[in-house]
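*Asks:* with the input below, show me the fold.
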Amino acid sequence: MIWFLVALAVVIAALVLWSGYVARGVERWVPMDGRQVEVPGVRMHVVEMGPADAPVIVMIHGIMSQLRVFTYALAGRLAADHHVIVMDRPGWGYSTLTGPRLDLNAQADAVAAAIAKFGLEKPLLVGHSMGGAVSLALALRHPQAVRGLGLIAPLTQPIDEAPAPLKGLVIPAPLRPLIAWTIAVPLSMRTGKAKTTAVFAPDPLPEDFPVKAGGALAIRPASFQMGCFEIDHAPGAMQVQAPRYGEIAIPVSILYGRQDALLDPELHGRKTASDVQNGTVALLDGGHMLPVTHVDATEAWLRGL
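*Replies:* As a prediction, this is how the structure comes out:
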């Protein structure tokens, strides 16, 4: 038994060292692009683009993602005539937490605090996927902070179970640190491409997605733990949040791919657009990752707002 425990300890130590080594390597491939801004609970990683005196757009990403999903192509186009600020949500990318992990409401507070710190005059808030859930929380909690929401394939309603590509994040809280620092990284390296391909379906996964769009950062232990936290927290948050959408008076525009393999466009798109006071929904042929795979159509839709 003693030798077994010693061997087990050696294996765990080796996996921890390997996970740390891979995480540092990933951060060399995908370094910080902007700067960190201190707001309560987080040092927010932000990238600013475009003329400072132009209309402002703030963009926040989804789960297992980071701000490069927007800077991949979309943000640069909009920055030709807009002041674009792209943020890593708290706990993702290079937005480092200064306290405990933030739930969706606290993330909304942090984004609102960053908007205030920048002195922005009612920007358009663009949220993709889980970033859409945070955007709606911000509209409920800070209705004067933004002039409208542009939600791309957003999570907006309660769902019974995690989407198939994300079910590996359904882990009991006490086990998450151990799994994150032992088997999560090698498993992600083995299965990550297949799961990411499923998220993109039916659109193809770009070969440069891991670096140019920051996808490789998702295999870090910190990203795994944050993903587990959000997958666990989101259903309850949506149960509380969704019945209040009728309180939202600012314009809420939603864009969805008809073939989205992660979230149901009817439930999260049409229903939510009908629940808010001033909502619209637009559909196009495509999957979940529209800011990467359908840049022309997404840009045109945002400019139409």
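
*Asks:* now the strands for the stretch 101-250 of the chain?
*Replies:* Taking DSSP state E, counting those that start in this stretch as the criterion, the stretch 101-250 of the chain carries its strands at 124-128, 148-152.

*Asks:* ok, for the residue positioned nearest the centre of the chain, nearest residue in space, not its chain neighbours?
*Replies:* Centroid check for the chain by Cα atoms, centre = their mean gives G62 as the closest residue, at 1.8 Å. Once flanking residues are discounted, G62 sits nearest to S129: 2.6 Å by Cβ to Cβ, 6 or more residues apart in numbering. (Glycine included, C-beta is placed from N, CA and C.)

*Asks:* check what pLDDT that neighbour gets.
*Replies:* pLDDT recorded at S129 is 98.

*Asks:* try L5
*Replies:* L5 is given a pLDDT of 70.

*Asks:* show me what the lengthiest strand in the chain is packed up against.
*Replies:* What stands out as the longest strand in the chain, according to DSSP state E, is strand 42-49. Packing partners of strand 42-49 (3 or more Cβ pairs under 8 Å, 6 or more residues apart in numbering; DSSP states H and E): strand 35-39, helix 74-78, strand 83-87, strand 96-97, helix 104-117.

*Asks:* between the ones you listed, which gets nearest to A184?
*Replies:* strand 96-97 (18.6 Å; Cβ to Cβ).

*Asks:* so what touches the closest one?
*Replies:* Contact with strand 96-97 is made by 36, 41-43, 45, 90-91, as judged by Cβ atoms under 8 Å, 6 or more residues apart in numbering.

*Asks:* was I right about V56 contacting H82?
*Replies:* Yes: if you go by Cβ atoms under 8 Å, V56 and H82 touch, sitting 7.0 Å apart.

*Asks:* one step back: list the contacts for the residue nearest to the centre of the chain?
*Replies:* G62 neighbours (Cβ under 8 Å, 6+ apart): 69, 127-132, 153, 155.

*Asks:* ok, which pair from these is furthest apart?
*Replies:* V69 and L155 (15.0 Å).

*Asks:* between these two, which is the more surrounded one?
*Replies:* L155 (30 against 27; other Cβ atoms under 10 Å).
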